[in-house]
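> predicted model follows, preceded by the sequence.
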Amino acid sequence: MNQAPHCVTLALCQLPSGEVGRVREIVGDAQFCQRVREMGFGESTFVTKISGTGPFVVQVNRTRIALSHGAAKAILVEPLRR
Amino acid sequence: MALPSHLKASPAPVAAGPARLPVYALVGNPNCGKTTLFNALTGLKQKVGNYPGVTVEKKVGTTFSQHGQPITVIDLPGTYSLAARSPDEAVTRDVLLGRRSDTPAPDRILCIVDATNLERNLYLVHQILDLGRPVILVLNMMDLAVKAGLNVRIARLERELGIPVIPCEAANNKGLIDLRLAMSRADLPLARHAWDIPAPIAPAVAELQACLTVSDHKSPLSARAEALLLLTDQDTVRVAGSTPLSTRTTDTLQAWQKRWAAEGTDWAASLVHARYDAIKRVTEEVVLKAGDAGPSASDRIDAFITHRVWGWVVLVGVMALLFISIFSLAEPPMNWIDDRTAALAGWVKSVMAAGDLRSLLTDGVIAGVGGVVKFLPQILILFFFVGLLESTGYMARAAFMMDGFMGRVGLNGKSFIPLLSSYACAIPGIMATRTIEAPRDRLVTILVAPLMSCSARLPVYLLMIAALLPGGKVSVFAKAGIMVGMYALGTLSAFGFAWLFKRTFLKGEAPPMMMELPPYQLPRIRDVALHMWERAWSFLRQAGTVILGVAIVLWFLSAYPKAPPGTPPTQELQHSYAGQAGHLLEPVIKPLGFDWQIGIGLISSFAAREVFVGTMGIVFSAESSDDNTEPLREAMGKARWPDGRLLFTPLVCINLMIFYVFAMQCMSTLAVVRQETASWKWPLFQTAYLTGTAWIVCFIVYQVGRAFGL
């Protein structure tokens, strides 16, 4: 997706709690990617990290989604300054 | 079905009205209030069955049109997409695509969406509109949307999609009249559903559509929808009862997939994006944000309930409450059922002459079926709690909290609920595995579920503890300690075996868990009650039929062949097939410290574990019930080996409990596993590994115990 060359991405699990990020890339097997995208979590969506150290809670489009560590590692986001 | 008069008189419909009242399918995302709406529409007029071949529940209900005509509504399992990931979701897909011969494709579709998250919910609607069938859109949770500061312009949405849109609050019974009116319409407009399929995949869609129309006899629109789905769905979940595709279609599909793989393009992703782009164009016009409402009540509750310290306190508290309720609240009704069963058997004995038929009725049918019905109170309480936790939104949090722990053995949080249910009974637990997406994880969960000590083991544990610690001299804590030890042994082994299976023949990483956390809600008792009733009924049906059959067979085995006249009643059983089998079994179980009399108990309790207590009663000819084990305990205390050694030494009592922790002693569970895995392979494997483990562990315990002079 239209990824600017200078933007820094990090895995969703590394995003600090309370920060907002924009999904840039989803890595992982095809089924997982498809489900992530179908749940409205696709590239260029905004995601707010709510909490968690093991499983994480994030908010996308007014829905709270719990992600395991593995899932959060596979979603790369560009952190946005509020 | 005859055509009602008001339909005949209607003007030419836009979508040709079928020659009978239309059948509706109700579809929507999980957690959007689908079940609540279904219950509100159909009330108690529901029929719960199974789709043949798969154990996905088929719920069909009847609601009434404005003129009082019955309308059939099929409640399909909730899903985020037609690209199915679990057997439940596969059924939704197959019914909508008309792939199931047992359920004709519905004429019309009721799509229910959560108004607070229109964008994600419309993804499924977008796929469904492809099908070209009349759709009514139900905008649920309008109250929550208003609270969240959203203004959904309904008239605008109706115009954009070209289908009726009904705002509604299913939980408060609001908007149902309008919905019924819409459902009663003789004609429904077809959606204005134009969206651009990404140009590069258009040829593939066209070719596949042609194949599906010609070789699979699909209507052109439904063929297009199916073509789109086949192209995006990487690994289609197949379930029994679904009509397979023609070879021509499969070949064409494979050819395209190969080509794309070679080109290295991800068309699945671009299709999803194309749909979301189309949806975004609609929602931008329709949903106006009045401003951010700030953290909701749910957010504040979550801060506490998923807290890394308080969250665990709450979880442990909830689980403790659940256990205490299952075992304390259920006791009076269980005793009542016991008394009724005994009274019924007594009554039969009083009106019938002694003989085989009477014995079959009292010792076989009444005792056998009564033994199962007895567990109904526990099952009801379990499902009341599970329903309550699900309806409030807590269950998803519990699964979330447990994910890290379950991850260590290679499963994810979704396996937690089935395993928890298995403490009451493995049957509902195994049935609850249907929501687990990965087939391997589901299988592992099914395989280890019987290790969670179910309530049928309680009578056995209680009897053995009574035999082990005679009299009132021993403190309650010692007894409770042994009991907790047995539960812990079972639970730890379940996780141990899950770990082992996931590392050996059911290898495969658990798919990363991604689960929606629905907003917290006050429980809707009506939904909980209906859920409880459904589960209870399916338990009675599933277990009751098997137990009845097995009870009759076992009765026969322990009644025939008859002992020669004049045999004392204590020795009658020896002569029967069951007694002979006990003798036959003795060499195998002697190294565990069990004799042939215990062997009879083991054999008969293969039907159901609690039967062991009753059989011991017969073998040692002591009248007793599950609750009053005093006389039986004394009789067992006197039992000796032929060489004069005591039979029930403390070591043997402990060993018997350990045996019951592991051994697969439940016919009904086997029957359910057979049904859920659609083969005999897994129930047989399960029996072999569980009973094998039981033997090995008991062998070690007994031999080591003996060596230490116990």
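Everything's here; your move. Numbers count the residues shown, from 1 in each chain, chains lettered A, B, ... in the order given.
> leaving out sequence neighbours, find the closest residue to B:Ala204.
Among residues not flanking B:Ala204 along the chain, B:Trp256 sits closest, at 4.6 Å (CB to CB, 6 or more residues apart in numbering or on different chains). Just so you know, the C-beta spots here come from the backbone N, C-alpha and C atoms, and that holds for glycine as well.
> B:Thr615: what's it in contact with?
With contact taken as CB atoms under 8 Å, 6 or more residues apart in numbering or on different chains, B:Thr615 is in contact with B:600-601, B:604-605.
> would you confirm that the residue nearest to B:Ala204 contacts B:Leu208?
Yes: at 7.3 Å, B:Trp256 counts as touching B:Leu208 under the criterion of CB atoms under 8 Å.
> what do the two both touch?
Contact criterion CB under 8 Å, 6+ apart; residues shared by B:Trp256 and B:Leu208: B:Leu231.
> in which helix or strand would I find the residue of the stretch 51-200 of chain B found nearest chain A?
Nearest residue of the stretch 51-200 of chain B to chain A, counting by CB to the nearest CB: B:Arg120, 3.7 Å away. Here B:Arg120 sits within helix B:118-129, counting by DSSP states H and E.
> now do the buried residues in that helix.
B:118-129 (16 or more other CB atoms under 10 Å in any protein chain shown).
> for it, what is the average pLDDT?
Mean pLDDT, helix B:118-129: 91.
> which residues does that helix contact?
Contacts for helix B:118-129 (CB under 8 Å, 6+ apart): A:38-40, A:61, A:63, B:27-29, B:32, B:79-82, B:96, B:109, B:111, B:113-114, B:135, B:137, B:139, B:152, B:161, B:163, B:191, B:193, B:195, B:225, B:228-229, B:275-276, B:278-280, B:282-283, B:286-287.
> for the chain, what spans make up the strands?
No chain was given, so I picked chain A. Per DSSP state E, chain A has strands spanning A:10-11, A:20-26, A:46-51, A:56-60, A:63-67, A:75-80. These are given in chain order.
> let me rephrase: I mean chain B.
So, for chain B - with DSSP E - the strands run B:23-28, B:46-50, B:57-64, B:70-75, B:108-114, B:135-140, B:150-152, B:165-167, B:287-289, B:514-517.
> looking at these, which one has the lowest mean pLDDT?
For the strands of chain B, the weakest mean pLDDT is recorded on strand B:46-50, namely a mean of 67.
> residues near the closest residue to B:Ala145 other than its chain neighbours, how many?
Nearest in space to B:Ala145, with sequence neighbours left out and distances taken as CB to CB, 6+ apart, is B:Ala115 at 3.9 Å. Applying other CB atoms under 10 Å in any protein chain shown, we find 26 other residues in the vicinity of B:Ala115.
> before we move on, what about B:Met452?
B:Met452: 22 neighbours (other CB under 10 Å).
> quick one: contacts for it?
B:419-420, B:422-423, B:426, B:429, B:490-491, B:494.
> now the lengthiest helix in chain B, how far from the chain's geometric center?
Using DSSP state H, we find that the single longest helix of chain B is helix B:525-559. Computed by CA atoms, centre = their mean, to the nearest Å, the chain-centroid distance of helix B:525-559 equals 15 Å.
> now that helix: average pLDDT?
75.
> tell me the angle that helix makes with strand B:57-64.
130 degrees (axes from the mean of the first three to the mean of the last three CA atoms, to 10 degrees).
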